[in-house]
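1. Got a sequence here, can you model it:
(2 chains)
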Amino acid sequence: MCDCNGPVQDCGKTTRRGWMFRIGTGLLSIGAMLAATPIVGYVFSPAARKFAESWIDLGSVEKFPVGETTLASFRNPGAVPWDGYTADIPCWVRHIEKGDFQVFSIHCAHLGCPVKWFAQSRLFMCPCHGGVYYEDGSRASGPPPRGLYEFKYKVIDGRLRIDGGRLPTLQQSP
Amino acid sequence: MRIPTWMMDSWNWIDQRTGASATIAPIMDHHVPRNAKWWYVFGSATLMFFILQITTGICLALLYVPSAGEAYQSLIHIDTEVPLGWMIRGIHGWSSNAMVLMMLIHMCQVFLHGTYKFPRELTWIVGVFLLFGTLALAFTGQVLRWDQDSYWGLGIGAAMMGRIPWIGPEVVNLVIGGPIIAGETLSRWFSLHVFVLPGFVILMVGLHIVLILKNGISEMPEPGAVVDKATYREGFEQRMKTSGVPFFPEAAKRDMIFCGLMLLIVIGLAFFVGPFGPLGEPDPTMINTNPKPDFFFLWIFAILALLPPSIETYLILASPVVIVAVLILLPFISNEGERAPSRRPVAVITLVLLVTILAALSQLGVTTPWSPKMDAWTSDTTPRQFVVGRSPTELQGAILFQYMQCRNCHELAGIGGQRGPELDDIATRMTRDQLIRQVQQGGGNMPAFGKNLDSAQTAALAAFLQTLTPDGEHKAVIPAVKGDYPDWN
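-> The predicted structure follows:
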């Protein structure tokens, strides 16, 4: 003999109460999963988003004097209208010789602070933890584990274009 | 003072239907140790500041616009145009600092008094969650300020996340809500700061209080009064019955006095010092900025500058895990026995060491001796005593010294950057050849200037550096060739 008054006990046989409890549990589980799928997908989607190459215009090649490194900025290709100031991203453009460029991300390879170019000593210096880079972006001293991040660039119809729009970190190119 | 009958009737009506007094009375009356005095006020103060944070936070949310394009202007609007808006922002900022401070003192007291031992292990663990919840609120709050420090601070956080093996880039994109810091980043951090984290902290505070009521407030530690699992509970309950005092008003009166004082200080700071920032506009193209976190994160900022690059990634990733694990495991590592600090020298030394290290690192985070002083070469002129009586070549070197931004990292007479050594007496430490080698090839954390200086410039620079000897001190020489140096006597 067993007591079948409990809501879940089925005593080896199927009771109506037992069935209802199981159906209730099952329906709720399915419902919860169906609700959770879009929630998880929505929250985690930035991690999975793929980014297409986008050749952003930095302006005419003439804007960048040969032999000099100058600050440029570009509109983030994925910008939304409410980005405000943050839609404009700075970068350093080094015009080595006619048509030969290096375009560096502003972000220090150590922890992402903005590096500043010093034309006299031909060094980039970082204000945060003292990372220093040579004019070709290679690491000179301080904590950075590598040189400055470099954008891929193309010169199309006399205009300098770069593939950008991603925050560069140690395992992600700019 | 007599309470009017209609009020009593109304209260009784509500009480009969809700059972409010039956719920509240045991909480107010529960007995606490007679000797629980001024050491026990810090938890209450933390809670009070949290309630103040929620209240002022709701006020700020009435007017703050969580949009990357408008957040900054909405803060300026609150500060300058909304009546008493600056005061609300001031209270929210100062109270957040006070909440972190009170929480840390409370935690130190609990650690020092061994309060985390049996049967209060879970209270401690919930407290550890509250620690991280509160610090997360502090950091996310700093981000909502949406000024230059906030923008670049996020970049620092993202760069740290980016070092996680394999999934680093995905974590970065998740944290900043896309490929780059922009509109979606602020929205994400806004919902963390105003919904997710406060919800979590409210839940944990509730649990913390339930556990306190269940296990009672610990007594002041006495040497020799050891915690023994077999007898502790019974003994504690017995002592509370015989010598305990009701929480309200006996213990609460000290809480009230201390909380009242702290509240006055925070309101005073908000009134006289005003709100925190916002500093510069969050315009990434304005790169003349020197991002720094709020004071409770300065020690992390300092560690990140001082760690050797070779082990940095491992420490950035492993230390948070280790810190959380140690804090959570603490009540299991040391679960019984003495609670008195006088009988727990290791605990006392650990705490003193930790506080000293954190204070020293925070102090370094304020002065940042490792950062180049970016404008030293234009703002700090060469002190007069280093140019008087120099030859034209040496003066040319002095000009180069300034022009090549050497001052950004090297001090002269205590003025300039502190990244490299002070050079007042460099000629007593290095010979001409060593100076030239150092300038051209760099090394020891100095960039090489070989490509940027021709030989005449290098010679001039070395000539100037060679004049940097305090009066009456010898220049450095190589002993074997001492005869080559006529000024050696």
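2. May I see the domains of the chain written out as residue ranges?
-> Chain wasn't specified; assuming chain A. A:1-49, A:55-163 (automatic domain parsing).
3. My question was about chain B, not that one.
-> Using automatic domain parsing, the domain parsing of chain B gives B:14-367, B:376-484.
4. Provide the secondary structure category for the spatially closest residue to residue B:374 that is not a sequence neighbour.
-> In space, and not counting its chain neighbours, residue B:374 is closest to residue A:127: 5.6 Å by Cβ to Cβ, 6 or more residues apart in numbering or on different chains. For the C-beta atoms, the positions are set from N, CA and C on the backbone; glycine is no exception. What DSSP: H, G, I helix; E, B strand; the rest coil gives for residue A:127 is coil.
5. Could you give the backbone dihedrals for residue A:127?
-> The phi and psi values for residue A:127, taken as degrees, to the nearest 10, are phi -80, psi -20.
6. What's the separation between residue B:88 and residue B:145?
-> According to Cβ to Cβ, to the nearest Å, residue B:88 and residue B:145 sit 14 Å apart.
7. For the domains of chain A, give me CSV that also has mean pLDDT and distance to residue B:97.
-> Converted to CSV, the domains of chain A look like this (pLDDT from 0 to 100; distance: least, Cβ to Cβ, whole Å):
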stretch, mean pLDDT, distance to residue B:97
domain A:1-49, 82, 31
domain A:55-163, 94, 23
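8. most packed of these?
-> Among the domains of chain A, domain A:55-163 has the highest mean neighbour count (mean count of other Cβ atoms under 10 Å in any protein chain shown), at a mean of 19.
9. tell me the contacts of the closest residue to residue B:368 other than its chain neighbours?
-> Excluding its sequence neighbours, the residue lying closest to residue B:368 (Cβ to Cβ, 6+ apart) is residue B:305, at 7.2 Å. By Cβ atoms under 8 Å, 6 or more residues apart in numbering or on different chains, the contact set of residue B:305 is A:128, A:129, A:130, A:143, B:364, B:368, B:370, B:371.
10. if you set the cut-off to 7 Å instead, what comes out?
-> A:129, A:130, A:143, B:370 (Cβ atoms under 7 Å, 6 or more residues apart in numbering or on different chains).
11. roughly how far apart are the third one and chain B?
-> Look at residue A:143 and chain B: by Cβ to the nearest Cβ, to the nearest Å, they are 5 Å apart.
12. Can you give the distance of stretch A:111-126 from its chain's centre?
-> From the chain centre to the centre of stretch A:111-126 is a distance of 22 Å (Cα atoms, centre = their mean, to the nearest Å).
13. how about that stretch against chain B, any contact?
-> Yes. Against chain B, stretch A:111-126 shows contacts by Cβ under 7 Å from any Cβ of the partner chain at A:111, A:112, A:113, A:114, A:116, A:118, A:120, A:121, A:122, A:123, A:125.
14. Of the domains of chain B, which is nearest residue B:7?
-> domain B:14-367 (10.9 Å; Cβ to Cβ).
15. The closest one spans what distance, first to last residue?
-> The first and last residues of domain B:14-367 sit 59 Å apart, counting by Cα to Cα, to the nearest Å.
16. contacting residues around the closest residue to residue A:65 other than its chain neighbours?
-> Excluding the flanking residues, the one nearest residue A:65 by Cβ to Cβ, 6+ apart is residue A:95, at 6.4 Å. Residues in contact with residue A:95 (Cβ under 7 Å, 6+ apart) are A:64, A:65, A:66, A:67, A:68, A:101.
17. where exactly do the helices run in chain A?
-> With helices called from DSSP state H, chain A shows them at A:16-48.
18. Next, the closest residue to chain A within the stretch 301-450 of chain B: secondary structure please.
-> Nearest residue of the stretch 301-450 of chain B to chain A, counting by Cβ to the nearest Cβ: residue B:447, 3.5 Å away. At residue B:447, secondary structure determined by three-state DSSP is coil.
19. can you tell me how far residue A:76 sits from residue A:90?
-> 11 Å.
20. My error: substitute residue B:392 in the last question.
-> 41 Å.
21. do residue B:193 as well
-> 27 Å.
22. Ok, residue B:248 next?
-> Counting by Cβ to Cβ - residue B:248 and residue A:90 are separated by 59 Å.
23. Next: residue B:123.
-> 49 Å.
24. Just the pLDDT for the spatially closest residue to residue B:415 that is not a sequence neighbour.
-> Distances taken as Cβ to Cβ, 6+ apart place residue B:380 nearest to residue B:415, at 4.7 Å, with adjacent residues excluded. For residue B:380, the model assigns a pLDDT of 89.
25. Phi first, then psi, for whichever residue of the stretch 151-300 of chain B sits closest to chain A.
-> Of all residues in the stretch 151-300 of chain B, residue B:162 sits closest to chain A, at 2.5 Å by Cβ to the nearest Cβ. Backbone dihedrals for residue B:162, given as degrees, to the nearest 10, come out at phi -60, psi -10.
26. any weak-confidence spans in chain B?
-> In the predicted model, chain B carries pLDDT under 70 at residues B:1, B:479-489.
27. now the strands for it?
-> Taking DSSP state E to define them, one finds strands in chain B at B:31-32, B:245-246.
28. Partner strands of the first one, with direction?
-> Take DSSP bridges as the rule and strand B:31-32 pairs in its sheet with strand B:245-246 (antiparallel).
29. Now do the partner strand: everything it contacts.
-> Here strand B:245-246 makes contact (Cβ under 7 Å, 6+ apart) with B:29, B:31, B:32, B:34, B:251.
30. 10 Å - rerun?
-> Contact with strand B:245-246 is made by B:28, B:29, B:30, B:31, B:32, B:33, B:34, B:35, B:36, B:251, B:252, as judged by Cβ atoms under 10 Å, 6 or more residues apart in numbering or on different chains.
31. Ok, stretch B:346-356 next?
-> Residues outside stretch B:346-356 that contact it (Cβ under 10 Å, 6+ apart): B:104, B:107-108, B:111-114, B:330, B:334, B:338-339, B:341-342, B:344.
32. Take these and, keeping just the buried ones, write it as a ChimeraX select command.
-> Buried members of the contacts of stretch B:346-356, defined by 16 or more other Cβ atoms under 10 Å in any protein chain shown, are picked up in ChimeraX with:
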select /B:104,107,111,112,113,114,330,334,338,339,341,344
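33. ok, which pair from the contacts of stretch B:346-356 is furthest apart?
-> B:104 and B:338 (23.8 Å).
34. Mind putting the domains of chain B into CSV with distance to residue A:139?
-> Formatted as CSV, the domains of chain B follow (distance: least, Cβ to Cβ, whole Å):
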stretch, distance to residue A:139
domain B:14-367, 9
domain B:376-484, 9
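35. any idea which strand is longest in chain A?
-> Per DSSP E, chain A has its longest strand at strand A:88-97.
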